[in-house]
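Engineer: Here is the input, now give the coordinates:
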Amino acid sequence: MSLAAVPRREHWRTWTVWGLGLYVIGAVVFLALGGGRSGSSPLPGTDAASLGPVHLIEYDTLDGGSATLADQAGRPLVINFFASTCAPCREEMPDFETFHQNFGNEIAVVGLAVEGARPARTIIEETGVTFETGLDQRDIMIDLGGFGLPTTVFVDPVGNVVETHTGLLTYEALLAKVQEHFGA
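Structural biologist: Numbers count the residues shown, from 1 in each chain. Coordinates of the predicted model:
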């Protein structure tokens, strides 16, 4: 159907659909080409071959520095992405803290806020979490398959993602996922 055959008042719908289609195609191409970011480099003094893909990921610390997930190599890892404006994130963070208190020696938990340091510190203080936290200012959540908040990523001991879960996880659901993926 040509635009001439579409009544004048319907043109905005046609252009909106075309515009959205081009946006989606552009986004897919952008992400397929690496999202405009360069790849991670190995940590100084480490053998990159011994680290899995997730262990090479660098994130920002709350004090303005940077860190990697390399310290978590050799044991299962649960990465939780959150924001202070996300009600389900606030709801699940105490459950992640309880999990960390019970299993932190066997399974690492890292929380990454998808916002600035000030609101991240606020939610961390309000929920009382003590597990390692930082900032996702490099689209790590998206790179690991997340698309909304909260997102939890389960990583095996060698650094491969075994599941990316978007949505609230209660303590019981978190235990079930860990049992399913790691047998712990």
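Engineer: okay but residue 148 is in contact with residue 166, surely?
Structural biologist: Yes: using Cβ atoms under 8 Å, residue 148 makes contact with residue 166 at a distance of 4.8 Å. Where you see a C-beta, it was placed from the backbone N, CA and C, and this is true even at glycine.
Engineer: what about these two, which has more around it?
Structural biologist: Shown here are residue 148 and residue 166; by other Cβ atoms under 10 Å, residue 166 has more neighbours (16 against 11).
Engineer: wait, isn't the more buried one in contact with residue 150?
Structural biologist: Yes: using Cβ under 8 Å, residue 166 is in contact with residue 150, at 7.4 Å.
Engineer: for this protein, where's the lowest mean pLDDT among helices and strands?
Structural biologist: Scoring the helices and strands of the chain by mean pLDDT, DSSP states H and E places helix 11-32 at the bottom, with a mean of 56.
Engineer: where exactly do the helices run in the chain?
Structural biologist: With DSSP state H, the ranges of helices along the chain come out as 11-32, 87-103, 117-127, 140-143, 171-182.
Engineer: What mean pLDDT does the shortest one get?
Structural biologist: Regarding helix 140-143, the rounded mean pLDDT is 94.
Engineer: Only the buried residues of it, if you could.
Structural biologist: 140, 141, 143 (16 or more other Cβ atoms under 10 Å).
Engineer: chain center to it, what's the gap?
Structural biologist: Mean-position distance between helix 140-143 and its chain equals 5 Å (Cα atoms, centre = their mean, to the nearest Å).
Engineer: CA atoms of that helix as CSV?
Structural biologist: Output of helix 140-143 as CSV, limited to C-alpha atoms (Å, rounded to 0.1, in the frame of the first residue of the first chain):
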residue,chain,number,x,y,z
ILE,A,140,27.7,-5.1,31.6
MET,A,141,24.1,-6.1,32.3
ILE,A,142,23.2,-5.8,28.6
ASP,A,143,26.4,-7.6,27.6
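Engineer: mind showing which ranges of this protein have poor pLDDT?
Structural biologist: Filtered on pLDDT under 70, the chain yields the residue ranges 1-50, 184.
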